[in-house]
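> dropping the sequence and predicted coords here.
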Amino acid sequence: SGNFQKGRCRHTMNTRTMKYKCLTPFIILLLLAGCAVGPDFEQPETQAPESYRTRVMPTDPMVDLKWWELFDDPLLYSLVTTALENNRDIKIAVSRIAQARATVGFTQADQYPRIDVEAGAATGNFSGGSRSPDTNTTLYLAAPLNWEIDFWGKFKRSTEAARAQLMASEYGFKTIQLTLIADVVASYYQLLDYHQRLAISKHTLESRTASLHIIQQRFDKGIIAELDVNQAQIQKEIAAAAIPLYERSIAKTENGLSILLGRRPGAIATGEILSGQSSPPEIPVGIPADILARRPDIGQAMYLLKAQTASIGVAQALRLPAINLTGALGVASTELGSVTTEGGVWSVGGSLLGPIIDFGKNKRRVEIEEQKTQQALYQYENTVLTAFREVEDALTEIATYRQELEAIERQQKAAKNANDLSKQRYDKGVSSYLEVLDTERTLFNAELQQSSLQQQYLNAYVNLYKALGGGWITKEDLQASSAADGSTAAEPTSGPDASKN
């Protein structure tokens, strides 16, 4: 009976030992996983308006396109393609993505043990602060290990912040790409505007030079007074002064556009004249809530908020004790021959280090990160509000510029007819030359204003496409588009997806 009880006891102890052995891996995993202190990220709730003030057409928010092709100018398409390939801001953004991706790996490595190599050799009769009568030789080679267990999730939160920063950098790339496309298209139409105003000024100068020649002949014959000659000279020089003004504007616009294209300042070829440019078709902009999914700057702001939220957890973990495991495995000996035979050494240890009195420094660190997170939230909300405003502004611009342009076109036609009639009346002696001067000034200003409004009207479409978050194309978008229409789309040479290859 006693042997039976002893055997039963041993069986019970063995069973408990097996249970403990089975539980050991789970305890280790629980210890390694730990708990991540700090708040988990929750996407902010944003109240989007139900509709825009201007009536628009609905559309699928996931549909994206190369919107600059809608302007139907092959030269403009070529400029945009060149800018996407060569612009330095684009290259910087791609480099930032690669940097952020490397930062994720750099930060994530802190979660794992670090193993180094350490070796040394020494000989002499001085050791431990005292002299020895014998000469001693010491040799050692070891692989020390150091591991801070992420019990509080400090490294987990750091990696979470790094991943969010990576996503923010990719959305930042898309924001830069979208802005670049809009700037290239807007600069192109500004350049066409200056070319058209230059042509108007040259044509006006030719017309006023011819009129001055006729008036000078009449004055020489004593038909008219010298005042008419002087007034004609003034109008001629006004037109002449406008030519270098627009030549200067053309050169500066070409220089700015060249930088966007990633090349040295120089002349830029243009296609169809501004008055020959066709307006893009009606834009189906969808509902306001689509902006939250389409705008890359909103995505960037959201991931920056997520990264900052994770930083609170890092700061809170720094207030708690850090648990370190250390160890070493190697060989050491006082004789070279025994290093490999009897020189094996090892050690295992652990340590705990935590703050006790720091005069509130770690607490203030948490408060700092909390305020930074609040600022990031406000920045996100402000980005969303700005997006809604930019869409509303662009829609209003398109509607009002269209009406204004129609009015100025009617004004220009009336001014041209009035100018012709005033010249006829002046030639017949019915009216004075002041009437001719007034109609010429009105016609010249109307033609210049019409050109400016044409440029602003087209750029209103550019502003709308930018505000809607369209215009940046990923490789997947292009492949899907090619598969849908059976055409072969050119892949982007730079971008978040290209940088991963």
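Structure received.
> double-check residue 347 against residue 330; I have them as touching.
No. Between residue 347 and residue 330 there is no contact under C-beta atoms under 8 Å: 9.4 Å. The way it works is simple: take the backbone N, C-alpha and C, and place the C-beta from them, glycine included.
> what helix or strand is residue 327 located in?
strand 322-333 (DSSP states H and E).
> which outside residues touch that strand?
With C-beta atoms under 8 Å, 6 or more residues apart in numbering as the test, strand 322-333 has contacts from 113, 118, 138-149, 151, 339-340, 342-354.
> and stretch 220-229, how far from the chain's centre?
Computed by C-alpha atoms, centre = their mean, to the nearest Å, the chain-centroid distance of stretch 220-229 equals 65 Å.
> bridged to residue 327, which residues?
residue 145, residue 348 (DSSP bridges).
> tell me the pLDDT of it.
Looking at residue 327, its pLDDT reads 83.
> near it, how many other residues are there?
For residue 327, the neighbour count with other C-beta atoms under 10 Å is 17.
> what residues are up against residue 263?
Counted by C-beta under 8 Å, 6+ apart, residue 263 has contacts residue 86.
> please redo it, this time with the cut-off set to 10 Å
82-83, 86-87, 257 (C-beta atoms under 10 Å, 6 or more residues apart in numbering).
> just flag the most distant two among these.
Using C-beta to C-beta, the contacts of residue 263 reach their maximum pairwise distance at 86 and 257, which is 12.4 Å.
> and the two? Which one has more around it.
Neighbour count, other C-beta under 10 Å: between residue 86 and residue 257, residue 257 has more, with 22 against 15.
> coming back round to it: and the contacts of strand 322-333, which are buried?
Buried members of those, scored by 16 or more other C-beta atoms under 10 Å, are 139-142, 145, 147-149, 151, 339, 343.
> out of those, which one has the lowest pLDDT?
Ranked by pLDDT, the buried ones among the contacts of strand 322-333 bottom out at residue 339, which scores 54.
> phi, psi of residue 263?
Recorded main-chain torsions at residue 263 are phi -140, psi 170, according to degrees, to the nearest 10.
> ranges for the strands of the stretch 101-250 of the chain?
Using DSSP state E, counting those that start in this stretch, the strands of the stretch 101-250 of the chain run over 114-115, 118-127, 130-149.
> could you list the low-confidence segments of the chain?
In the predicted model of the chain, residues 1-34, 55-65, 128, 283-286, 333-343, 471-501 satisfy pLDDT under 70.
> one more time with 50
Residue ranges of the chain with pLDDT under 50: 1-20, 22-23, 25-27, 29-30, 60-63, 471-475, 487-501.
> in it, which spans are helices?
Applying DSSP state H to the chain gives helices spanning 2-33, 74-86, 88-108, 154-220, 226-260, 290-294, 296-317, 361-427, 433-468, 475-485, 496-500.
> nearest to residue 273, of those?
Comparing those under C-beta to C-beta, the one sitting nearest is helix 154-220, at 6.1 Å.
> quick check, nearest of the buried ones among the contacts of strand 322-333 to residue 200?
Distances from residue 200 to the buried ones among the contacts of strand 322-333, taken by C-beta to C-beta, are shortest for residue 148, at 73.1 Å.
> the nearest residue to the closest one once chain neighbours are set aside: neighbour count?
The shortest distance from residue 148 to any residue other than its chain neighbours is 5.0 Å, reached at residue 324 (C-beta to C-beta, 6 or more residues apart in numbering). Other residues near residue 324 number 14, with proximity taken as other C-beta under 10 Å.
> how about residue 120?
For residue 120, the neighbour count with other C-beta under 10 Å is 10.
> roughly how far apart are the closest residue to it other than its chain neighbours and residue 126?
Distance criterion C-beta to C-beta, 6+ apart; nearest residue to residue 120, sequence neighbours excluded, is residue 140 at 5.7 Å. Separation of residue 140 from residue 126 (C-beta to C-beta, to the nearest Å): 18 Å.
> kindly report the same for residue 104.
From residue 104 to residue 126 the distance is 49 Å (C-beta to C-beta).
> so between those two, which is more surrounded?
Applying other C-beta under 10 Å to residue 104 and residue 126 shows that residue 104 carries more neighbours, namely 18 against 11.
> tell me the contacts of the more buried one?
For residue 104, counting by C-beta under 10 Å, 6+ apart, the contacting residues are 158-166.
> swap in residue 258?
187, 264-268 are the contacts of residue 258 under C-beta under 10 Å, 6+ apart.
> list the contacts of residue 392.
Applying C-beta under 10 Å, 6+ apart, we find residue 392 in contact with 49, 52-54, 288, 467.
> let's see if you can find the most crowded of those.
Using other C-beta under 10 Å as the neighbour test, the contacts of residue 392 are led by residue 467, with 24 neighbours.
> that one touches residue 396, doesn't it?
No. Judged on C-beta atoms under 10 Å, residue 467 makes no contact with residue 396 at a distance of 11.3 Å.
> from residue 218, how far off is residue 230?
Here residue 230 is placed at a distance of 13 Å from residue 218 (C-beta to C-beta).
> so these two - more neighbours on which side?
Taking neighbours as other C-beta under 10 Å, residue 230 and residue 218 compare with residue 218 leading, 15 against 11.
> the more buried one and residue 429 touch, don't they?
No. In this structure, residue 218 is not within contact of residue 429 by C-beta under 10 Å, at 11.1 Å.
> the residue nearest to residue 415 when sequence neighbours are not counted - how many residues pack around it?
Distances taken as C-beta to C-beta, 6+ apart place residue 443 nearest to residue 415, at 4.1 Å, with adjacent residues excluded. If you count neighbours by other C-beta under 10 Å, residue 443 ends up with 23.
> now swap in the one 10 residues further on and tell me
Per other C-beta under 10 Å, the neighbour tally for residue 453 reads 19.
> same question for residue 209.
13.
> and residue 289, what are its phi and psi?
Backbone torsions of residue 289, given as degrees, to the nearest 10, read phi -60, psi -20.
> could you measure from the residue nearest to it when sequence neighbours are not counted over to residue 111?
Counting by C-beta to C-beta, 6+ apart, residue 48 is the residue found nearest to residue 289 once chain neighbours are left out, at 4.2 Å. For residue 48, the distance to residue 111 equals 39 Å [C-beta to C-beta].
> and these two? which has more neighbours close in?
When neighbours are counted by other C-beta under 10 Å, residue 48 and residue 111 differ, and residue 111 comes out ahead with 17 against 14.
> tell me which residues touch the more buried one, please.
32, 147-150, 153-156, 158-159.
> try residue 254
Residue 254 neighbours (C-beta under 10 Å, 6+ apart): 187, 191, 194, 265-270.
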